[in-house]
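**Student:** Output the structure for:
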Amino acid sequence: MSEITDKITGIKNNQTTIDCLLENKEITMREDKEPTKWLLDVNYQRSHVAMGMVYCKDVKAGDFPSHIHKNAREYLICAKGSFLFFLEGRAVREVKVGECVSVPQGMTHKSKPLIDDTQIAWICVPCDKGILSKKEVG
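**Tutor:** Predicted coordinates for the structure are as follows:
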């Protein structure tokens, strides 16, 4: 059983963590910049929680890159438009305005906008250290 656990841990360690995700050139993290494909905004952060928005102007931008929050559970709430939610590489469901999905800690996930000008509110509990450090640096 430990051999299987070791292999799963190895796979997860090779996935993109939030630290690496924030270095992606397709994601802009400041409101005062024109977004490249996606705009990630951190509106509130403390050690116990971080909240913000993700904006995608055009569905041609493609998927928000697949990533993992090693230290946090994430909640995604569709504020405008709609998106297809993927967990561990599989499409789980379409998320429409007012609906929420919960992402367990350590699970690979991504979102694909289905409508132009899609906006997704996100909440990480507790605050993922990758978000905190990037915001302090940026």
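**Student:** can you give me the strands for the protein?
**Tutor:** Per DSSP state E, the chain carries strands over the ranges 27-28, 38-46, 49-56, 64-67, 73-80, 82-87, 90-96, 100-103, 109-113, 118-125.
**Student:** by how many degrees do the second one and strand 118-125 diverge?
**Tutor:** Same thing as strand 38-46. Strand 38-46 runs at 30 degrees relative to strand 118-125, counting by axes from the mean of the first three to the mean of the last three C-alpha atoms, to 10 degrees.
**Student:** Let me know the average pLDDT across strand 38-46.
**Tutor:** Taken as a whole, strand 38-46 has a mean pLDDT of 83.
**Student:** Likewise for the shortest one?
**Tutor:** The average pLDDT for strand 27-28 rounds to 54.
**Student:** which regions of this protein sit below the pLDDT cut-off?
**Tutor:** Residues of the chain meeting the criterion pLDDT under 70: 1-36, 129-138.
**Student:** burial count for Lys96?
**Tutor:** Lys96 has 12 neighbours, counted by other C-beta atoms under 10 Å. Every residue, glycine included, has its C-beta placed from N, CA and C.
**Student:** same question, Pro104
**Tutor:** Pro104, neighbours per other C-beta under 10 Å, totals 12.
**Student:** Now it. Nearest residue, chain neighbours left out?
**Tutor:** Spatially, and ignoring its direct neighbours in sequence, Pro104 is nearest to Arg73 (6.1 Å; C-beta to C-beta, 6 or more residues apart in numbering).
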